[in-house]
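>>> after the sequence you'll find the predicted model.
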Amino acid sequence: MTPEQKSLAVWGGSALGLLIIGWSVLSWRSGELSASRARAATLQAELQQTWLPNDLKAAQSYAADLTDRAKRQEAALSQAAAAVVPALPAEYRATDLITAASRVRTDLVALRQRSERSRILLPGALPYESGLDADEQVRAMQLVGLCALRRTLELCLDAGVAKVTAVLPGKPFCDPAGEVGVFPIECEVEASPEAAGVLFQGFLAAHRRGLGLRAIVIEGNRNPKEATQRLRLTATLLFPAEDSWQLKPEAVAPAAKGAAGSTRTMPTKAGLGNRPAGNKP
């Protein structure tokens, strides 16, 4: 083989090698392009199943608008929830014994003074008056119960009831989702029909503070000379549930077979009779 032939063979082999490599790269790129096109076709088919536009910029703009709407909706829901389930006031969060005892004393003294000014009798002994529990977790729950107690009695005093004969905090519980804590207050008062109407209106307006009327029993006075009624009511105050409270959903007793409905009873402690919680002539 002449030198010219050897040179030609070398260059020809190199060219063939480059051609093979180029063909391999081209085939790999072609396969990648086919896969990309397949993925693009799949994504486009999925996109057509959504509300997003087919154009990329329009889709991005639409998605950003949806995100903004979702944020505004979440803020509106939070605002609506806060309107009926407000946050627990800071003064009822200090659970150390000295501060908590001071809070109890302040609230109960304020209630006693208001009752004296209004000439509305309160029970001789009010809940928490004898002291709070030594356990901090229990004490924290008692402070929330104190808040419910004060707000309920304030509504009774504002309505001008004749007297409050009994008051007792109930067992707190949470909603089935565990997001809202419910603190009941059982209360028995004597009031004229006019004062009772004002009291009901007061509970209706207090819903924005998380305070509502859950159950009510109305009894006529046994003495016909007295134009008052006995009201035995269950008020509830709502707050966002906290993990430290360890609240459980309320146990619902199964209805009797064949019964048309169920009745709710009031507790028997502190002079509250065990009667159905429904209207009574």
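Sure thing, it's come through.

>>> what sits against the nearest residue to V198 once chain neighbours are set aside?
Excluding its sequence neighbours, the residue lying closest to V198 (CB to CB, 6 or more residues apart in numbering) is A159, at 4.2 Å. All C-beta spots, glycine's among them, are computed from the backbone N, C-alpha and C. Going by CB atoms under 8 Å, 6 or more residues apart in numbering, A159 touches 191, 195-196, 198-199, 202.

>>> got the residues you listed as JSON lines, with distance to Q113 columns?
Shown next, in JSON lines, are these (distance: CB to CB, whole Å):
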{"residue": "A191", "distance to Q113": "21"}
{"residue": "A195", "distance to Q113": "20"}
{"residue": "A196", "distance to Q113": "24"}
{"residue": "V198", "distance to Q113": "21"}
{"residue": "L199", "distance to Q113": "20"}
{"residue": "G202", "distance to Q113": "20"}
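
>>> buried only: go through the residues you listed for me.
Among the contacts of A159, those buried by neighbour count (16 or more other CB atoms under 10 Å) are 191, 195-196, 198-199, 202.

>>> quick one: the helices in the stretch 101-250 of the chain?
Here the stretch 101-250 of the chain has its helices, by DSSP state H, counting those that start in this stretch, at 136-159, 193-205.

>>> now render those helices as a markdown table, adding mean pLDDT.
Formatted as a markdown table, these follow (pLDDT from 0 to 100):
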| stretch | mean pLDDT |
| --- | --- |
| helix 136-159 | 95 |
| helix 193-205 | 93 |
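
>>> out of those helices, which is the most enclosed?
helix 136-159 (a mean of 20; mean count of other CB atoms under 10 Å).

>>> between helix 193-205 and it, find me the angle.
Compare the direction of helix 136-159 with that of helix 193-205 by axes from the mean of the first three to the mean of the last three CA atoms, to 10 degrees and you get 130 degrees.

>>> export helix 136-159 as CSV, just CAs?
Extracted as CSV, the C-alpha positions of helix 136-159 are listed here (Å, rounded to 0.1, in the frame of the first residue of the first chain):
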residue,chain,number,x,y,z
GLU,A,136,-51.6,23.4,86.4
GLN,A,137,-53.4,21.6,83.5
VAL,A,138,-56.6,21.4,85.5
ARG,A,139,-56.1,25.0,86.6
ALA,A,140,-55.8,26.1,83.0
MET,A,141,-59.2,24.5,82.3
GLN,A,142,-60.7,26.2,85.4
LEU,A,143,-59.6,29.6,84.1
VAL,A,144,-61.4,29.0,80.8
GLY,A,145,-64.5,27.9,82.8
LEU,A,146,-64.2,31.1,84.9
CYS,A,147,-64.3,33.1,81.7
ALA,A,148,-67.5,31.3,80.7
LEU,A,149,-69.0,31.8,84.2
ARG,A,150,-68.4,35.5,84.2
ARG,A,151,-69.8,36.1,80.8
THR,A,152,-72.9,34.1,81.5
LEU,A,153,-73.6,35.8,84.8
GLU,A,154,-73.0,39.2,83.2
LEU,A,155,-75.7,38.5,80.7
CYS,A,156,-78.1,37.5,83.5
LEU,A,157,-77.3,40.7,85.4
ASP,A,158,-77.6,42.9,82.3
ALA,A,159,-81.0,41.4,81.5
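
>>> understood, closing this out.
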